[in-house]
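In: quick one, what's the 3D model for this:
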Amino acid sequence: MNRTTALLVAAAILLGHALAIHKTAGGEIAPPYDVAYVAFRIARNFVQTGHFAWETGVASGDSYPSLVWIGVAAIAERLYLHVNQICQALSMLAAFACVFTLAQFSPVRLSGAIAPLLFVVSGGIASAALSGTETSTLAFLVLFAFLAYERGWRWCLGVSLALTVVARPQGLLFALCLLSIEVARRVFAKKDAAPRKTLWLAFGAPLALALIVGVLRHQATGHFDDPWLAQLLELKPRVAREGAWYLLDFVVASGNALLFVFPLWYLARGVLSGVGARACVLTLAWATAIGLAGGGHLPFFEALTPIVAVMLVAVQEAMQIALDSKRRAWPKVTWTLFVLGQCGSALASKLPGHLGPVPFESVQRAWMTPRTVARFGYEEPLGRMGLAEEILATERLREIGIFLRDHLDPSSTVLSPWPGAIGYLSRLTVIDPLGRTTPSPGADRTRAWEGLPRADVAGALAQRPDYIVPTIRFGPEAPTAYSIAAAWAKSLDNEPNAKQRSTGIHSQLIGYELITLPVTNPFRRPGTFPRSQFQMMRRRDLGLSPKLLVIKIIGP
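Out: Numbers count the residues shown, from 1 in each chain. All right, here's what the predicted structure looks like:
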C-alpha cells in the first residue's frame, strides 16, 4: 500500500468513525453539543440586532470562548443557512485537513502514515468532527501552525497563529510556547548550524491580535484576560487536583495517549529529532495548562483533542527511530504497540459489551469510569458512553427549548444550568445560574465553561425567573423542592459545604410549583423522554395554576 492510498483509507476511516459514534439512539446524525448553541445564539443576536452578547442589551463579551466560531455561525446566520449543519460540516472538513497535514511531516516514508492512522481512530477526533464546536478547527490551526513553523513558512505561520489565538484562549498559550521555542533555538543555536529564516514577524500578527481583543474585552467587561485564562492564573488547588485526575483519565482511557511514552523515552535519551522534541514540548505545555485550569467536561477529553495531532507527530518521530533500530526486536515491538494503540482507541469508541465470546462488558465499564467530578445533571462516563450521554442530554434540551418557544409568552424568563440549546431555540431570556453566559449577580464578569464553575445560586434565583429547568434526568418519580435545593447546593453553589445554603435555596423555591409538561414536538425521537414528558418549575404568582371549579346543582 502506498502513501496516497493509506491517506485515502485514513480519511475514509475517519468519516466512518465519526458517523458511527456521533449518532442518536435512532441512528440519525446527532445534533451539535449543547454548548455550541451558545455560540449560535450570540451570532444570531449579532446579526439580527448588532449586539455581540448572549442577551440583547447586556454587556457580556466572554459568553463563549471562541470568536472564530461565533464568526462562522454569524456568517451562516447572515446567509440564511442552517447553522447546525454548516458548523458540523466545517468541523468534519477541518478533521480531514488534519489527516493530510499530518502526512506532510514525513512526506517520503511509508511510516509517515503512522500519525494519520493513529489520528483517525481517536475517539476524541471522531466525536469532535461532528460536535458542531470549534474543536476540530482549532486542532487543524494548531497543527498547521506547527507545520508552518517547521517549514519556515512565515506568512502561513502568522495567519494560522492569529486564527488560533481567537479560536480559543488556549491558542494564545500555544503561540507563546511556540515563540519561546523559537527564542530558545536562536539563543542556543550552534555557530556552525545552517542559517534559518527569521520568523519574528510571523509572531507579531497573533500577539497584536491578542492585544486588540484584550483591549476590546477590557472596554466591554473591564478585564483584559479571558475567563479561562483568569481561572488558570488563579491556580486553585481544588481545580488543579481535578485537572490532574482528568489528565490521568486521558492517559488511561484514550488509547493513543499511552504511546506518548515512546517520544518521552527518546527525548530523555537525547536522540529524538528536533521536530519530535518540539512536538513533545508543545504537547506537555498544553496538557499542563489544561490540568491547572481544571480539565474539561465534554466527551472524549475534548479539552485535549486540539493537541492530539501534535502529540502524534512526536509519537511518529519516535516510532521511526525504533523502526530504524539495528536491534531486530525493536521494529516488532513498535508495530505491536502501534496495533495496541489502535485497539485501545477502537475499544474506547465502542459501547459496553462483550467481544464475541469474551466477557468484556464489566471490564470496559470499569475502565471507562472517570475519576473526576461530573457536571451537574451528568454522570460523564468516559469514551463512547459519555458521548451517548451528551447526545441524549442535548436532544432533551432541544425539545425543552422548542416547547418553551411554542407555548410561553415571548417576555418570559427561564433559569437553567444548561442554557445553550434552550436559549437558542426558545429565543427567551435565559439565565445561567453559573454565570457563564452573563455575569452572576454581584460578579463583574462571566465564568469559564471549563473546570468546576460555581456561583451564588440563591442570588441567581433571587432574580425571580418565571420558569426554572431543575433537572435533565427524568425518572419515574418527580423531584421535590427539597431534593432540587439539596442537589443545586451540592453541585452548583459556591458554598456547597454550608448547611444553610440548601435551606436558602429551598426558601427561594417556595414561590414555585413543579409542573409536568408533555413533549409536543411531532418530530421528536421516541425515547428521548420517559413517558414523553418532563418537569419544570413555575412561579405561583403568575396565576397559571389550574383551578378546580365545583358547581353544586340543586334539583327541583
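In: drop to CA atoms for contacts and neighbour counts, all remaining ones
Out: Noted.
In: now do the longest helix belonging to the chain: which elements does it pack against?
Out: Counting residues, the longest helix found in the chain (DSSP state H) is helix 383-407. Counting by 3 or more CA pairs under 8 Å, 6 or more residues apart in numbering; DSSP states H and E, the packing neighbours recorded for helix 383-407 are helix 123-129, helix 419-426.
In: how about these in JSON lines, adding distance to residue 452 and mean neighbour count?
Out: Conversion of the helices and strands packed on helix 383-407 to JSON lines gives the following (distance: least, CA to CA, whole Å; neighbours: other CA atoms under 10 Å):
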{"stretch": "helix 123-129", "distance to residue 452": "21", "mean neighbour count": "30"}
{"stretch": "helix 419-426", "distance to residue 452": "16", "mean neighbour count": "26"}
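In: just give the nearest non-adjacent residue to residue 392, would you?
Out: residue 528 (6.8 Å; CA to CA, 6 or more residues apart in numbering).
In: with residue 69 instead?
Out: residue 134 (5.8 Å).
In: can I get the helix or strand in which residue 11 is found in PDB? Just the C-alpha atoms.
Out: Element membership for residue 11 (DSSP states H and E) is helix 3-21. The C-alpha coordinates for helix 3-21 follow below in PDB (Å, rounded to 0.1, in the frame of the first residue of the first chain):
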ATOM      1  CA  ARG A   3       1.100   6.600   1.000                       C
ATOM      2  CA  THR A   4      -1.600   8.100  -1.100                       C
ATOM      3  CA  THR A   5      -3.800   5.000  -0.700                       C
ATOM      4  CA  ALA A   6      -3.000   4.900   3.000                       C
ATOM      5  CA  LEU A   7      -4.200   8.500   3.400                       C
ATOM      6  CA  LEU A   8      -7.400   8.000   1.500                       C
ATOM      7  CA  VAL A   9      -8.100   4.900   3.600                       C
ATOM      8  CA  ALA A  10      -7.400   7.000   6.700                       C
ATOM      9  CA  ALA A  11      -9.800   9.700   5.600                       C
ATOM     10  CA  ALA A  12     -12.500   7.100   4.900                       C
ATOM     11  CA  ILE A  13     -11.900   5.600   8.400                       C
ATOM     12  CA  LEU A  14     -12.300   9.000  10.000                       C
ATOM     13  CA  LEU A  15     -15.600   9.600   8.200                       C
ATOM     14  CA  GLY A  16     -16.900   6.200   9.100                       C
ATOM     15  CA  HIS A  17     -15.700   6.500  12.700                       C
ATOM     16  CA  ALA A  18     -17.400   9.900  13.100                       C
ATOM     17  CA  LEU A  19     -20.700   8.800  11.600                       C
ATOM     18  CA  ALA A  20     -20.700   5.600  13.700                       C
ATOM     19  CA  ILE A  21     -20.400   7.300  17.100                       C
END
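In: tally of neighbours for the residue nearest to residue 69?
Out: 27 (other CA atoms under 10 Å).
In: how much space between it and residue 20?
Out: 20 Å (CA to CA, to the nearest Å).
In: quick check: pLDDT value at residue 446.
Out: Looking at residue 446, its pLDDT is 89.
In: that older thread, would you double-check that the residue nearest to residue 392 falls in a strand?
Out: No - the assignment for residue 528, made by DSSP: H, G, I helix; E, B strand; the rest coil, is coil rather than a strand.
In: pretty sure it sits against residue 395.
Out: Yes - taking CA atoms under 8 Å as the definition, residue 528 is a contact partner of residue 395 at 6.9 Å.
In: who's more crowded, the two?
Out: Between residue 528 and residue 395, counted using other CA under 10 Å, residue 395 has the larger neighbour count: 23 against 19.
In: list the contacts for that one?
Out: By CA atoms under 8 Å, 6 or more residues apart in numbering, the contact set of residue 395 is 31, 528.
In: ok, it to residue 458 distance?
Out: Relative to residue 458, residue 395 is positioned 28 Å away (CA to CA).
In: element containing the closest residue in space to residue 159 that isn't next to it in sequence?
Out: Residue nearest to residue 159 in three dimensions, not counting chain neighbours: residue 205, with 7.2 Å by CA to CA, 6+ apart. Following DSSP H and E, one finds residue 205 within helix 200-221.
In: so for that helix, mean pLDDT?
Out: Rounded mean pLDDT across helix 200-221 is 90.
In: you'd agree residue 76 is in a helix?
Out: Yes - under three-state DSSP, residue 76 falls within a helix.
In: and it, how far is that from residue 394?
Out: 21 Å.
In: the two - which one has more neighbours?
Out: residue 394 (25 against 21).
In: assign the closest residue to the more buried one other than its chain neighbours to helix, strand or coil.
Out: Of all residues not flanking residue 394 in the chain, residue 34 sits nearest, at 5.2 Å (CA to CA, 6+ apart). With three-state DSSP as the basis, residue 34 sits in coil.
In: contact partners for residue 34?
Out: Here residue 34 is in contact with 393, 394, 397, 418, 420, 421 (criterion: CA under 8 Å, 6+ apart).
In: hmm, the second one is touching residue 31, no?
Out: Yes - here residue 394 reaches residue 31: they are 7.5 Å apart, a contact under CA under 8 Å.
In: so what sits against both of the two?
Out: With CA under 8 Å, 6+ apart, residue 394 and residue 31 have no common neighbours.
In: just the CA atoms of the helix or strand that contains residue 505, as CSV, please.
Out: With elements taken from DSSP H and E, the one containing residue 505 is helix 499-509. Included here for helix 499-509 are C-alpha records, laid out as CSV according to Å, rounded to 0.1, in the frame of the first residue of the first chain:
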residue,chain,number,x,y,z
LYS,A,499,-25.7,23.8,55.7
GLN,A,500,-27.7,27.0,55.4
ARG,A,501,-27.1,27.2,51.6
SER,A,502,-29.6,24.3,50.9
THR,A,503,-32.1,26.0,53.2
GLY,A,504,-31.6,29.3,51.5
ILE,A,505,-32.1,27.9,48.0
HIS,A,506,-35.2,26.0,49.2
SER,A,507,-36.6,29.2,50.5
GLN,A,508,-36.2,30.7,47.1
LEU,A,509,-38.1,27.8,45.6
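In: want to throw the helices and strands packed on helix 383-407 into TSV with distance to residue 532 and mean pLDDT?
Out: Below are the helices and strands packed on helix 383-407 laid out as TSV (distance: least, CA to CA, whole Å; pLDDT from 0 to 100):
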stretch	distance to residue 532	mean pLDDT
helix 123-129	28	94
helix 419-426	18	95
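In: mind checking which of the ones you listed is nearest residue 15?
Out: For the helices and strands packed on helix 383-407, the distance to residue 15 is smallest for helix 123-129, at 7.8 Å, taking CA to CA.
In: that closest one: what's the following helix or strand?
Out: Next along from helix 123-129, by DSSP H and E: helix 135-151.
In: circling back to that earlier point, now do the longest helix of the chain against helix 3-21, angle only.
Out: 60 degrees (axes from the mean of the first three to the mean of the last three CA atoms, to 10 degrees).
In: what residues of helix 383-407 count as buried?
Out: 383-405 (16 or more other CA atoms under 10 Å).
In: separation between residue 497 and residue 486?
Out: Distance of residue 497 to residue 486, computed by CA to CA: 11 Å.
In: so those two - more neighbours on which side?
Out: More crowded of residue 497 and residue 486, by other CA under 10 Å: residue 486, with 19 against 11.
In: nearest residue to that one in space, please, no chain neighbours.
Out: residue 502 (5.3 Å).
In: wait, what's in contact with the one you found?
Out: 485, 486, 488, 489, 490.
In: and the gap between it and residue 493?
Out: 9 Å.
In: what's the helix or strand following the longest helix of the chain packed up against?
Out: Where DSSP H and E defines the elements, the next helix or strand beyond helix 383-407 is strand 413-415. Packing contacts for strand 413-415, counted by 3+ CA pairs under 8 Å, 6+ apart, involve strand 429-431, strand 467-468.
In: the helix or strand containing residue 39 vs helix 419-426, what angle?
Out: Assigned by DSSP H and E, residue 39 belongs to helix 36-49. Helix 36-49 runs at 40 degrees relative to helix 419-426, counting by the same axes, to 10 degrees.
In: need the residues that contact helix 36-49.
Out: 51-56, 63-64, 66, 69-71, 73-74, 77-78, 83, 132-133, 419-421, 423-424, 437.
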